[in-house]
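J.: okay, predicted coordinates and the sequence, questions at the end:
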Amino acid sequence: MEVHHHPHVEKKSFKEYLLEGLMIFLAVSMGFIAENVRERISDSAKENEYMASLKEDLKNDIISIKATMEFKQTGLKRSDTLMSILRAGNTNTQTAELYYLARSLSIRNYFYTNDGTIQQLKNAGGFRMIRKRNVIDSLQKYISSIGSLYSLQDMEEAVITDYRKPLGKIFDAQVFNSMYDSTRPGLVIKKPGYNPTLLSADKFDLNEFAMKVVYIKGVRLAEMGNYESIAKRAARIIALIEKEYHLEKE
């Protein structure tokens with residue numbers, strides 16, 4: 001009868017088992033750490049890209065704000081000139097100016113932020129990508145101030161819509177129509193080359209019209225303060241981004 005002998009297997013000591021377990025644990029841990037490091041490097045690179053893009057958006061915001069402020073400042077001067085003519089009672093000798101100012105005053109120009117990067121950040125999970133708390137706080141305040149400005153601009157739109165209502169009582173639509181300069185691109189208004197007749201010089205009609213002008217001036221003055229504040233906020237965030245992310249100053 002043939003006897004089969006089982007090979008002798010040397011039993012491992014407790015220390016050997018412990019060492020093997022420790023080696024497995026270290027291998028898994030190192031893999032986990034390496035993956036975390038790769039993710040952090042990737043997230044850091046993405047964050048820097050977002051911040052560089054955000055900086056460009058803010059720079060464009062400042063340019064847009066300055067252009068809008070120049071337009072509003074022109075509108076404020078026109079409203080003051082118009083009110084001076086009405087106050088002086090020159091509604092017969094300066095009607096060409098009245099027609100031009102009345103029509104030009106209803107032209108609007110609003111500011112809208114360049115929010116491409118902000119929208120990308122929101123789609124990527126809010127501001128999770130931004131690690132700098134001071135940058136997040138400044139950006140959230142900036143977004144809030146933009147919202148307040150948009151409310152003012154909506155108010156201006158409503159005021160201008162209301163402003164147009166009494167125009168038909170005072171001004172001739174045919175004269176308004178002739179004031180479009182079709183030789184130039186876009187909406188360009190030209191002053192009449194003569195003094196057209198007003199449909200009404202009634203003091204109550206003129207006062208109703210003047211009140212609308214005052215309301216437009218008021219909301220635009222409020223906007224001017226907001227534009228200036230937002231431009232300063234944008235400049236501060238740009239400086240903060242340059243400092244925190246070591247971006248080159250321009």
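T.: It's in. Numbering: from 1, shown residues only.

J.: isn't F171 up against L198?
T.: Yes - counting by C-beta atoms under 8 Å, L198 is a contact partner of F171 at 6.8 Å. C-betas here are computed from N, CA, C, even on glycine.

J.: which residues are in contact with each of the two?
T.: Shared contacts of F171 and L198 (C-beta atoms under 8 Å, 6 or more residues apart in numbering): L98.

J.: so, low pLDDT: which residues of this structure?
T.: Residues of the chain meeting the criterion pLDDT under 70: 1-23, 25-44, 126, 250.

J.: all strands of it, in order?
T.: Here the chain has no strands by DSSP state E.

J.: tell me the centre residue of it?
T.: Closest to where the C-alpha atoms of the chain average out (C-alpha atoms, centre = their mean) is T113, at 1.9 Å.

J.: isn't that residue right up against I65?
T.: No - T113 is beyond contact range of I65, at 9.1 Å (criterion: C-beta under 8 Å).

J.: re the thing from before, could you pull up phi and psi at the residue nearest to the centre of the chain?
T.: T113 adopts backbone torsions of phi -70, psi 150, taken as degrees, to the nearest 10.

J.: check contacts around it.
T.: Contacts for T113 (C-beta under 8 Å, 6+ apart) come out as D57, D61, S64, I146.

J.: could you measure from it over to V188?
T.: Look at T113 and V188: by C-beta to C-beta, to the nearest Å, they are 27 Å apart.

J.: cool, and I63?
T.: Counting by C-beta to C-beta, the separation of I63 from V188 is 23 Å.

J.: swap in N114?
T.: Taken as C-beta to C-beta, the span from N114 to V188 is 27 Å.

J.: and these two? Which one has more around it.
T.: Each of N114 and V188 has its neighbours counted (other C-beta atoms under 10 Å); N114 has more, 16 against 12.

J.: that one: what's it in contact with?
T.: For N114, the contacting residues are D57, L58, N60, D61, S64, by C-beta under 8 Å, 6+ apart.

J.: again, but for E223
T.: By C-beta under 8 Å, 6+ apart, the residues touching E223 are K72, L149, L152, Q153, E156.

J.: could you turn the buried ones of those residues into a PyMOL selection?
T.: Only the buried entries of those go into this PyMOL selection, using 16 or more other C-beta atoms under 10 Å:
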select buried, resi 72+149+152+153+156
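
J.: now the two most distant members of the contacts of E223.
T.: Farthest-apart pair in the contacts of E223 is K72 and L149; separation 11.9 Å (C-beta to C-beta).
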